[in-house]
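**Q** build me a structure from this.
(2 chains, ligands or ions: 2)
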Protein chains: 2
Amino acid sequence: FLRATSFNFKWSIKCSDFSLKTHNPIRAIVDGMKIEPNQDKPMIALSIGDPTTFGNLPPADQVLDAMKSVISDGSYNGYGPSVGFIEARQAVAEYSQHQGDISASDVILCSGCSCALDLCIAALAGPGQNILIPKPGFSIYATLAEGFGIEVRSYNLIPEKNWEIDLDHLETLIDLKTAAVILTNPSNPCGSVFSKQHILEILQIAERHYVPIIADEIYEHFVFPGNEYYSVSSLSKNVPVLSCGGITKRFLVPGWRTGWIIIHDRHGAFLEVRKAITNLSSRILGSNSLVQGALPAILKNTPQKFYDELVETLQNHANIAYQMLKEIPGLVPIMPSGAMYMMVGIEIDRFPAYNNELDFVQDLVREQSVFCLPGKCFNIDNFMRIVLTVPRDMMVEACNRIREFCEKHYKSDIDTIDEIAM
Amino acid sequence: FLRATSFNFKWSIKCSDFSLKTHNPIRAIVDGMKIEPNQDKPMIALSIGDPTTFGNLPPADQVLDAMKSVISDGSYNGYGPSVGFIEARQAVAEYSQHQGDISASDVILCSGCSCALDLCIAALAGPGQNILIPKPGFSIYATLAEGFGIEVRSYNLIPEKNWEIDLDHLETLIDLKTAAVILTNPSNPCGSVFSKQHILEILQIAERHYVPIIADEIYEHFVFPGNEYYSVSSLSKNVPVLSCGGITKRFLVPGWRTGWIIIHDRHGAFLEVRKAITNLSSRILGSNSLVQGALPAILKNTPQKFYDELVETLQNHANIAYQMLKEIPGLVPIMPSGAMYMMVGIEIDRFPAYNNELDFVQDLVREQSVFCLPGKCFNIDNFMRIVLTVPRDMMVEACNRIREFCEKHYKSDIDTIDEIAM
Ligand SMILES: Cc1ncc(COP(=O)(O)O)c(C=O)c1O
Ligand SMILES: Cc1ncc(COP(=O)(O)O)c(C=O)c1O
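**A** Numbers count the residues shown, from 1 in each chain, chains lettered A, B, ... in the order given. Ligands and ions are numbered 1, 2, ... in the order given. Below you'll find the model as predicted:
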């Protein structure tokens, strides 16, 4: 190098586009809201997608025991391979046989499902390309993609059809720059679970356009009795799928940051992708080794009863909330089939005091100290999302307060006004 | 959107430039080597920068107890803020007061120091810009930068001056596109520790050119008695510094993946950077919550004795290896002042059987089952790096085998031949 002369005469440190374009829209929306609870009522946060918040849903003893014995044993303090220890990957492969015939080498361990999604998106897409994401949907897909200059295009889910994808809309969004379709099943924020038939139809579109799928299956098995869960990969021999999962939700340990990618290659389509993901995993040298050491025991020893009771609790809470909310004027709850959430439609015209659901939920906090996430956080208007993991009594209390709030602000004569105005 | 027609007639899934340009050069070099140990001698890996490999350096009991009680307590299973729990950030701030007057809000917790470096590099630099890294140096800087299209420029360290930076060379590399200088102090692979005076000189250059510093201080406090460690940030009131650290090395738990960034702003130069790093932390939603929960106890309760004994052991091993290796014909070990490594120069011309140090270390494995990392892994020729964390007897045995190897292959008359050839 030749000696260069610097003309930087002062400290003006600019940041990368990557960092400036990476942001968490939920944070931005919530930080922009006035969230001031009513001093006379204790706050009930129906907003937090963290099942551990209220202490009513502890992890299984087997899971805690597995961690403690790994710590005592002392054999998992060191670096593992950046894709994960082989024993842990093997355990995930066995745990995930319902997804198809996979082996340890198809599993990449990550620091949470978020990190899994990060690697998948970063491997498959680059600037100028696009990925398709659900609307309403989880905001992290945009957080992860936009820094890279990847366009996110939102396909509609149809509330009246239990949040199935508007397939025609989905297909119109695909072009030659489409690097992947992201599916969230079961869904956050909708709590919907796709039928086998619906997944087959989605797969047909992917196959027709040769677009791979990133399946966010972090809520797999979170399905209320009477519904059935199908992993995307289990239903196609031709469409390559990256399935992202982890222990965050089902094992009630989101802070442990342990997730995975399962590479479902088809006819070698993912040959390069596999290498790309492995490359990317070398950036942060793998996920927490203690959890990896405990993973075989966590996945094998957790009793079926634990899973069943968790799902039962969630379904109970869903039933309670649904029954209560559907009687409330101006609200249209949509009964979920799984996951930990319910979307509640707000007939905003019936609440003339509020311009939109943001104002609505803000005032609900102010008057009733109940906080629900506004639909805007998931890119949809006139809905709010409630979480089903709060204790039962709290759920009932929250619904009662929501009723009081709605009854106060609901205007039934708005139709007439509207008609007159027309 | 209009309906788009897809002309993708087959599955041809290309990966992003980002993923293809991200790679771990050490892996590539080591995978390309023929590493076939001598069946008659047990393998001694002097190559692995993981202090837990041999079981001789367990973490402090206080650290393990802290983890176990967090697990029993059950209060750290949930999501934390993506920059880390405030208690953990506060504990790091207190632990790091030697770096300057910092508070919890200056600390961002990350999944290991690698992740800390990732966020710093990704925040400060983008395509077309450059960062300056040490040569020889730790390969992860290039791994992290190149995916983003950031150019890495290597400044020379001078082995004869205890691996001080060639400051003239450093300065010639700086131009308007220079986003940051990365300093590794103490150094991997050199084991060198910069003097106060030297750091002040480096800071002068940074100040003259208005270039911020990323200080990789993961080996801070790993300094042999007789030397003194100065954090970069403690020596300047004007140069903004991002210090990257963690518990990986000093607490002997690399697999736990817990590190941090400490933002040392100066006159608001890092206002935007702070926001950028916070944005980036939202990609993977923070580091392992259990370790975060235990962090205050880990940082406060680990006895000084533990630290002292660790450094003493490393210094002992350094002394042993240095004394033994410096007597070996053709080798020029450079005594380290800290960290966990020693660089050993190879007078490659004295070993005519080998073209370069790669061939040399490869044959050392084949004949003596001793594996040292070739200098190429750190971007320098004719050196090899040995780790000092192996058990003492193993260190002695390894040095004896290296002597046997060198004595066999050393040609003292090579000078004469060279002279004749000239
Ligand atoms: C649909 C969906 N995907 C991914 C995640 C992130 O999971 P993790 O905490 O394992 O990163 C969440 C968390 O809420 C989620 O709802
Ligand atoms: C100089 C240097 N920086 C950073 C790291 C990475 O540390 P961590 O394991 O905390 O990511 C290492 C690990 O060897 C290192 O030597």
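**Q** which positions in chain A make contact with ligand 2?
**A** For chain A, the residues in contact with ligand 2 (CB under 6 Å from any ligand atom) are A:L285. Just so you know, the C-beta spots here come from the backbone N, C-alpha and C atoms, and that holds for glycine as well.
**Q** residue ranges in chain A under the pLDDT threshold?
**A** By pLDDT under 70, the weakly predicted segments of chain A are A:1-9, A:414-422.
**Q** so which residue of it comes closest to ligand 2?
**A** Distances between chain A and ligand 2 by CB to the nearest ligand atom are smallest at A:L285, namely 5.3 Å.
**Q** that residue touches B:G112, doesn't it?
**A** Yes - judged on CB atoms under 8 Å, A:L285 makes contact with B:G112 at a distance of 5.9 Å.
**Q** who touches both of these two?
**A** B:R257 (CB atoms under 8 Å, 6 or more residues apart in numbering or on different chains).
**Q** quick one: which of these two has more around it?
**A** Each of A:L285 and B:G112 has its neighbours counted (other CB atoms under 10 Å in any protein chain shown); B:G112 has more, 29 against 22.
**Q** and that one, how close does it get to B:W256?
**A** 8 Å (CB to CB, to the nearest Å).
**Q** mutual contacts of those two, please.
**A** Joint contacts of B:G112 and B:W256 (CB under 8 Å, 6+ apart) are B:T248.
**Q** if you count neighbours, what's buried in the helix or strand where A:R208 lies?
**A** With elements taken from DSSP states H and E, the one containing A:R208 is helix A:196-209. Neighbour-count burial for helix A:196-209 flags A:198-199, A:202-203, A:205-207, A:209 (criterion: 16 or more other CB atoms under 10 Å in any protein chain shown).
**Q** could you pull out the helices in the stretch 151-300 of chain A for me?
**A** Assigned by DSSP state H, counting those that start in this stretch, the helices in the stretch 151-300 of chain A fall at A:167-173, A:196-209, A:271-281, A:289-301.
**Q** show the contacting residues for A:N238.
**A** For A:N238, the contacting residues are A:207, A:266-267, by CB under 8 Å, 6+ apart.
**Q** one more time with 7 Å
**A** Counting by CB atoms under 7 Å, 6 or more residues apart in numbering or on different chains, A:N238 touches A:207, A:266.
**Q** cool, A:V83 as well?
**A** A:V83 is in contact with A:108-109, A:278, A:281, counting by CB under 7 Å, 6+ apart.
**Q** need the residues you listed in TSV (columns: neighbour count and distance to B:C120).
**A** Formatted as TSV, the contacts of A:V83 follow (neighbours: other CB atoms under 10 Å in any protein chain shown; distance: CB to CB, whole Å):
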residue	neighbour count	distance to B:C120
A:I108	29	25
A:L109	28	24
A:T278	21	24
A:S281	25	19
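**Q** need the residues you listed in JSON lines with distance to A:F251, can you?
**A** Shown next, in JSON lines, are the contacts of A:V83 (distance: CB to CB, whole Å):
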{"residue": "A:I108", "distance to A:F251": "19"}
{"residue": "A:L109", "distance to A:F251": "15"}
{"residue": "A:T278", "distance to A:F251": "26"}
{"residue": "A:S281", "distance to A:F251": "22"}
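**Q** of the buried residues of helix A:196-209, which is the nearest to chain B?
**A** A:H209 (4.2 Å; CB to the nearest CB).
**Q** enumerate the residues of the stretch 101-250 of chain A near chain B.
**A** Taking CB under 7 Å from any CB of the partner chain as the contact definition, the stretch 101-250 of chain A meets chain B at A:111-112, A:114-115, A:118, A:122-126, A:143-144, A:148, A:172-176, A:209-210, A:212, A:240.
**Q** so where do the strands sit in the stretch 201-350 of chain A?
**A** In the stretch 201-350 of chain A, the strands defined using DSSP state E, counting those that start in this stretch lie at A:213-216, A:241-246, A:259-264, A:331-334, A:341-346.
**Q** any idea how far the third one is from the chain center?
**A** In this view, strand A:259-264 has its centroid 16 Å away from the chain centroid, taken as CA atoms, centre = their mean, to the nearest Å.
**Q** so is that strand next to chain B?
**A** No - judged by CB under 7 Å from any CB, strand A:259-264 stays clear of chain B, getting no closer than 9.5 Å.
**Q** show me the contact partners of the helix holding A:R208.
**A** Contact with helix A:196-209 is made by A:164-165, A:167, A:170-171, A:174, A:181, A:183, A:213, A:230, A:232, A:235-236, A:238-239, B:6, B:8, as judged by CB under 7 Å, 6+ apart.
**Q** which among those residues end up buried?
**A** Looks like the contacts of helix A:196-209 have A:164-165, A:167, A:170-171, A:174, A:181, A:183, A:213, A:230, A:232, A:235-236, A:239 buried, using 16+ other CB under 10 Å.
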